[in-house]
Structure formats: structure tokens, C-alpha cells
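Trainee: Quick one: sequence and predicted model below, then my questions.
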Amino acid sequence: MSEKRNKGESMVIEDSWTARYAYPVGQVAGKFMEGLKQKKILATRCSKSGMTYLPPRAYCERSFEKCDGWVEASLEGVLEVATIVSAGFEGSPKPPYAVAYVRLDGVDTAIAGYVRGLDLSDLEAGMQRLRAGTRVRVEFVDEPKGRVTDYYFVPA
Amino acid sequence: MEQGVAVIGTGQTVFRSVDREWTYAEQAQAAAKEALDDAGLTPDDIEAVVFSLAPTAFMGIAEADRWALDYVWGNGKPTMRVHTGGATGGSAVHAGYSLIRSGIFRTVLLVGADRMAETPDAQYFLNQVWDRFYEKDLSIQTIVAGAFLGQQYMHLYGATEEDFARVVVRQRGNALNNPHAHLKGKITIDEVMGSARLSYPLKLYDCCPRSSGGAAMILGNLDMAKQCSGRPAFIKGLGAVSNTVFLGDRIVSPAHPDLIGPMLEHQVAANRAYERAGITDPSREIQVAEIYDPFSTMVHPALEMMGFCGKGLAAKLEKEGAWESGGMVYVNPSGGTLCTNPISVTGLVRNIEAARQVMGRAEAMQAPNVKHALATAVGGSGQFVNVTVYGEDYL
Amino acid sequence: MSMDVYVIGLALHPPAKRIIDKRLEEMVYETTRAALDDAGVSRGELDSVVLASSDEFDGRSISSMLLAMPAGAYLKDEIKVADDGAMGLCLSAARIRSGDFHLGVVASWCKSSKTDVEGFMRQKCDPFFTRPLGLNSTVTDALFAQAITERWGIELREVNERVVAAYQRASRNPRGMNHPVPTQSEVSDSPYESTPLRQAHRAPMTDGAVSLVMASGAWVDRHRDCRPMARLAGVGWATDGYQLGRERLSGMHSARIAWNMAMEQAGLASAAEADVVEIESQTGFHEAAYVRAFGLDDHPGLSPSGGPFAQNPYFCSGLINMAEAVLQVSGRAGRVQHERARRGVGHGCHGFAQQGNIVAVFESVEG
């Protein structure tokens, strides 16, 4: 039976836990990452449902068939939603920075990325430029390494 | 076989940031004990246990339910642990419902606790839930996802940050009537607007706290419901739906109609629950809604998707007092998740608060003439949604 | 309306010590898709998806965020349990028996190779009393082995023989790893991990996945072209206390409770009435203990698949045992098929030193 102990100094035991993991990339993500190194964004397609997916999937969630084609996404598209992050979070870049979901032309789903090339000091003005429907372009870093930070969006 | 399922007892601890005086196992025990007393039962009356336990990284004890098992008198009983992220507490209710409807058990104890601030690294763990390859590098995390939702709603219907702030003001005020709530108080729209910006349009006060505490609910079959004193609440209908983790699939324009809409999942899950419960006009038939809302931006879309009002109208109705006590539907009389969020049991707390309204035991939060009350729980990237409708009778 | 529960299809992922060419999502999709194909149903017809997985094994918090869709859950009523793969079958069975669900998938998976298993096991310890002692699965299995040895006077020779025999059975299992069969002295000479447990006493962990398709009697009645593989005649589960001690370790309480619950539902008086019994024997000591607890002395159908010694994706080994039992009673077990197997039992255990036990009894379906 538990009883509340008197308030006051309560003993605390400290511990920490670091777990190590090795995540196999798999074929689909692997091909996507290789595509990034070539400054391409590759999406998968399911011929049964007609859906084209970014991030690429190995199988189609709707038809439940394996995706049977690859499509090179256009490097232009429409911004679906964005936010400007003002608060610092552990493991995140120094604020302010903008993150958006963009539907690249030719693809049915939106993929996320940082948005650069914008003055973020005035939040309202910044958000105006990041309204849904804004056209954006994809740009790549000079030496892509096969991570999603190899590319980012800029206003078109 | 028609087998009604009733809530015959509930228990909660007082939620706060940090609990130094007791451990996870003791919090779960306290909640279980209160539920047993509430139901007038002893531990021997409980035939099965469902643990409501989401990621344990915050508490730092893997599979902490195994440790707490003895504390909740589960030794030697059939026990299982349900884990659907933030939706866990509601999923636990649904699992318990199936266990009783199967005819195998006459009573089930749903129990759990959480201690969100046991580690200062909680945000680090929340960041771990995103796809390692496609999303984690981009710092997509729960607050940013809540921000995207707000943005979408603002774009679709012209809602403003003040509209979201109004939700916070109403619910923090409601929480003053809730002895268990973590955050409570009279605040103003200006205070919400002036709180620290996190991710546009979310500010600090638009977001839930990290809470510590325990909760429990006892479900019984019809015979047990008849034996227990006091009015039980019957689970009249429930529905749940899961969607893809990828936000980018769920916010796009109508290339494929099944993809779109902020919080579309609430519509699907609620319709499943309404069909089972025989509800055809939610705003007339349901008097109380306990909505899972770690972010203020979630309340209005949820109400609309669940049919309490037309699309884009919830914020206007907020201004007219529709969601307050005495309005159209009393929304989050407990303060909701915005005021209290011990993730493993938050969904259970939503269900407890809804059930107690029907049981007539909501005390200062009690709405009059409650025929039905609804509870929701949400998990993952907003992709797991369950809805439960409680009523005075079953069938 | 019939409250019967049937298994109408299943699939097991080919096991491997380490599956590196596929992401977990891809493994889960392929296995679930294969189970649906085996059952002859499409994903669209499902009304239930029950997942059974462990975040810690998957290396992600809330791993079902990414893994629900590959298991067929898109816009379905999906729920996840986290105790053990076999627990997924328990909840799925309850859902179907309730009459609220009629066609469901149960999916479980485990990439044991992916993660620091003992690190995670140690994290299961309460931080105050047991973690400082470094309890993990090796140490607790050793304590279990010691306790049952003392309680029943089990000789090491029996344990070693059981291990060799399990590997022999496993070597004939087309769905297994085909591990080399050790000799008795190889087993008895292998180094100690924690007394009395030696390395070779333990079933090696592997990567794998399993999915089953379950249906209600009403659904089966409406789909006359479906030939169910098995009827779930009984299911039972129970969990022991957390604190280890002599009685907890050797009393086999939750094992017996789970067994009795399942057998009573199935209307069976003893193990002799089951043709095969697939036990989750993580070590040779486990087998010795379960044989005594369940009354399986000289049982001709003891773990024909080889159990974990055939494949051991740790979290789902119990559900794999259940799949093997279903294969037996449906005549699809291949080289390890027992003649005229009409009743098969699948068992799983989970937690430190078999804290929890789950038992399912399957019957073959006539016609």
C-alpha cells in the first residue's frame, strides 16, 4: 500500500542510458539517397493505384502492392504548409529557420525540407512568403552526401 | 452475443510536473486503488489488466508495466500492455472493451502512469519518433507538426492566432474546476499571444505541459454494472483509425480524396463510433466532448471533423461561447490535454472525464443532463485516432 | 451467431541471423502481404489490424508510427500490444470473439540483430534495486535455470540432451535456420555465460517476422470458398510478479494458469490430448521446466519445429510457435509434419525469466 511520504528531501538515483542502433537503409531509401548524390529527387510509383510517393515507399499503402516504378521528381513544386521555428530545440538548428512540406510537380504527396533564402526576422512577413500555394524550387548543396539536408527549397 | 460494457470505477492522481515522493509503480497503484474504491471492488474482483503505457523513454524504465504489475494486484492475472503513442489511453479502453465483449472476462482494470519530466531530454526522445532517413534531419517534431496543422487551418478558413488563444483561455479556466489538472488559471488572450514563440503559429501557451501522474478505469460487464452502486457509464460506441505517418501524404490537395483534410482521421473514427452508438446529430445528442488536444490548434478542426459544426465554423462559434458550459457542447470541461499531458495515460484521462460526466460524478465540472459524452485520443504524427462515446444505457 | 475464431492464412519471413538488405518496413510489408495472399483476401476486406512489437527492439519510440501501414493498417482500426508477439493473437482473438470484428491481421516482427539487446534488457530493471546489479536476460535466465534445477533435481545431462534433440528437430524444419546440430560434449563444454547457463544452452537470436489472418465464424460462413487452416479452440495468458525469488522462478505459476485457461476453453483434459505442443524454450532449461509444468514427459509431439532452436526472432518466437501449430493441424508443416495432427498447442513466454506466458490451442477444420 502506498503512502505519500513527507515532503522534504527525497532521494534520487541518477542513471543514463545510451543505446546503439544500426539501421539498415534498405533498397528504396538507399536508391533515394544515391539519387540525392546525383542531385536528383527520386519518387516511387504504384501502377495499380497510380500514386507517386515522396518519401519513396517500397509498397503502396493503398493498393498494398509493391511500388513498381521510379519517377524523377521535378525540382519545382508548390508549398503546402510551412512554419518558422523560433524556439531552440535540442538536436535542431539554431533558430529562426523555416520548414515546409512541398509537393513537387509530378508527385502526389508532399516531402519536407528546410526553406532558405528568406528573411525570417519578421515573422509575419516571413509567413506571408511561405503561404500555401507559393511556388518553390529545389536547390542542392555543392557536395551532396545522401541525406535529406542535401536539398532545400527556395522561393521560385 | 450482446454484451454491454460499463465504466464502474475510475481513479486519477493529481498531475504535476515532477513527482518526487513516489515512483511510477506507486502512482499506478494509487490510481488503481482509487478506481477500486470508486467501484466498491477488491483486487480479487479484477479478472484482467490492461496497462496503458506509451514510450517509456521519458521515465527511463523499459517495460515499466512489468515492474508495476504487483503494485496493481496483477500478479497471476492475464495482463497486456497497449502502446499506440499518445492514443494509448483510448486504445486501452478499446482493448478492455473487446476483452469484456468477448465474454472471457467480467471485469478489466485499465491502469497506467507517466513521468514526462523524469529526464530533461524528453524532447530528444520525441525527436526519435520521426523517420530516421526522411524526417529526423529536418527536425520535424511534435510541435512543428502541431504548427503545420494550425497553418493549414488558418489558410483554409482564415482563422487567426487569437482564435487559437481563445481555446487556451477557455480551457485553462475550465481546469480551475478540475482538482487533478496540472495547469489551471485565469489567463487572457494577450498573455497567450505574448508567450514565447515556438513554431509559427504556436507559442508556449498553445502547447501542453509535461505531466506526471497515474490514472485507472475499471470496466465491467452488465452483471457487474448492476451490482455496483452509483450510475455506471456505458460504452455505447467506439471507433478507431490509423493513417500513414507521413504528414506530406495527409495535407495535399485533392489528387486523391481520401488523403486530404486537417485531422480527417477524426471524421473516420467518429463516424465509426456514431454508427455503433446510434448518434446522428452529435451537437444535439452529445453534451460533453473531451478532446485530445496537446496543441490549441487541434480543437476546432477536431470539432468540425467530428460533426459538431460545419467546416471552418468552430472558431466563430468559440467566440459566441458555443463550447463553454451552457453553450452548445461543453468542450474539455477538465481543461483537456492542453492543461495535463502524462502521455501514457492522457487518453485514459479523456475517457475518465467523459465517463464521469455520464455517471454524474464530474462535480464542479458537471454539465447538466448529460445523455452522451465523447472522448478522443490521438497518437503518432496525429495518425492514430480513437473515439469513444459514453451513454446512460447501452443499446 | 458463431463466436468461433479461425486462422485462414499466415506467412513467416525467411529467417536470418541478420537481415541487412531490407528495412524493417519492407520485411513487415512482405510478410503481411504474403499472409493476405495465403488467406486469399485483400487488404481492403480487413476490419482489424493488431500489431505486436517492441519499440526497444525496433530502435524507435512509437515504432508503429512507421510500421502500422506496412502491416496493412491504412485507414483501418489498428491497435498495438507490446508484451510479446503472441499477445497480438490474444487481443485479435478477443476482438473477433466479441463479434465486433470479423477479419483481422496479426503482425509481429523482430530484428534482434539490430539492437543492443542486453542493454535494453538491463533498462527493464527498476533503477533502485535490480539495475545496479546488472540483471538482464542472461542473468535472469541463469537464475531461472538454477531455481528449477534445484526444485526438480534436473540433471545437466537432461538439459544437454534436450538442446541436441531440439537442434535435431530444427534441422528438419524448412522454415528454420538450419543451424548445425551440436554434439552433447559441444554443449556441455561451451563456456558459461552465467552459471548454470552455458552459451550452447541458449537458442541463438535471429531476425524474422510473422503475420496471421484471423476470421470470425460468421465471416467463414459467408465465404464458402475459404478453407480455414485451423480453429482457435482456446487461448490463455497470465503474468507473474516482477520480483524474482525462488517461488517466482520455479513455481511456473503464470505458465500453469495460461495453460489451464487455454486447455479448459478447448475442452482438453491434458497435454496427451494434443498432438503437437510447440514450446518457447529459450534455453534447454526452459524446455525441462515446461515439460514438467505442462505434463509433456515423453510427449511424441514436443516442439516438432525445433522451436527457438529453428528460428528465434526473440519478440515473436511465441507467435511463430503458434503459426507452426497451425501449420501442423492444417497439414502444411512439410518435413516436420506430424501425422494426423488434429490438435496443436502454441506457447510463448516473455519478460525476465518467463514472467508472462501465453498458450493457444488450435484444432484442424474438417472438410
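Mentor: Yep, it's here. Bear in mind the structure is a predicted one, so any value in this text is a computation, not a measurement.

Trainee: top strand in chain A by residue count?
Mentor: strand A:76-85 (DSSP state E).

Trainee: near chain B, anything from the helix or strand following it?
Mentor: Counting by DSSP states H and E, the next helix or strand C-terminal to strand A:76-85 is strand A:97-104. Yes - Strand A:97-104 reaches chain B (CB under 8 Å from any CB of the partner chain) through A:Val99, A:Tyr101, A:Arg103. To be clear about C-beta, it is placed using only N, CA and C from the backbone, and glycine gets the same treatment.

Trainee: Strand A:97-104 and the helix or strand that comes right after strand A:97-104, what's the angle between them?
Mentor: Using DSSP H and E, the helix or strand that follows strand A:97-104 in sequence is strand A:111-115. Strand A:111-115 and strand A:97-104 are oriented at 140 degrees to each other (axes from the mean of the first three to the mean of the last three CA atoms, to 10 degrees).

Trainee: partners of the most centrally placed residue in chain A in the sheet?
Mentor: Averaging the C-alpha coordinates of chain A gives a centre point, and the residue nearest to it by CA atoms, centre = their mean is A:Ala112 (3.5 Å). Beta-bridge partners recorded for A:Ala112 (DSSP bridges): A:Tyr101.

Trainee: Strands of the chain, start to end?
Mentor: Reading this off chain A. A:42-45, A:52-53, A:69-72, A:76-85, A:97-104, A:111-115, A:135-140, A:151-155.

Trainee: try chain C instead
Mentor: C:5-12, C:48-52, C:78-81, C:103-111, C:192-194, C:197-198, C:207-216, C:230-239, C:276-278, C:343-350, C:356-363.

Trainee: cool, and chain B?
Mentor: B:5-12, B:48-52, B:79-82, B:107-115, B:197-199, B:202-203, B:212-221, B:233-242, B:288-290, B:330-331, B:372-379, B:384-391.

Trainee: Nearest to C:Leu36, out of those?
Mentor: strand B:233-242 (16.8 Å; CB to CB).

Trainee: Surely C:Val326 is in contact with C:Phe362?
Mentor: Yes - using CB atoms under 8 Å, C:Val326 is in contact with C:Phe362, at 5.4 Å.

Trainee: overlap in contacts of those two?
Mentor: C:Val7, C:Ala230, C:Gly344, C:Gly346 (CB atoms under 8 Å, 6 or more residues apart in numbering or on different chains).

Trainee: Now the longest helix along chain A: average pLDDT?
Mentor: Assignment by DSSP state H gives helix A:26-37 as the longest helix of chain A. For helix A:26-37, the mean pLDDT works out to 85.

Trainee: Please apply the same query to stretch B:271-289.
Mentor: 97.

Trainee: How about residues contacting that stretch?
Mentor: Contacts of stretch B:271-289 (CB under 8 Å, 6+ apart): B:236-241, B:270, B:303, B:306-309, B:328-333, B:354, B:357, B:367-376, B:387-389, B:391, C:77.

Trainee: switch the cut-off to 7 Å
Mentor: B:236-239, B:306-309, B:328-331, B:333, B:354, B:357, B:367, B:369-374, B:387-389, B:391 (CB atoms under 7 Å, 6 or more residues apart in numbering or on different chains).

Trainee: Low-confidence regions, the chain specifically.
Mentor: I'll assume chain A. By pLDDT under 70, the weakly predicted segments of chain A are A:1-10, A:17-26, A:89-91.

Trainee: oops, chain C please
Mentor: Per-residue confidence for chain C (pLDDT under 70) gives these ranges: C:1-2, C:128, C:133, C:367.
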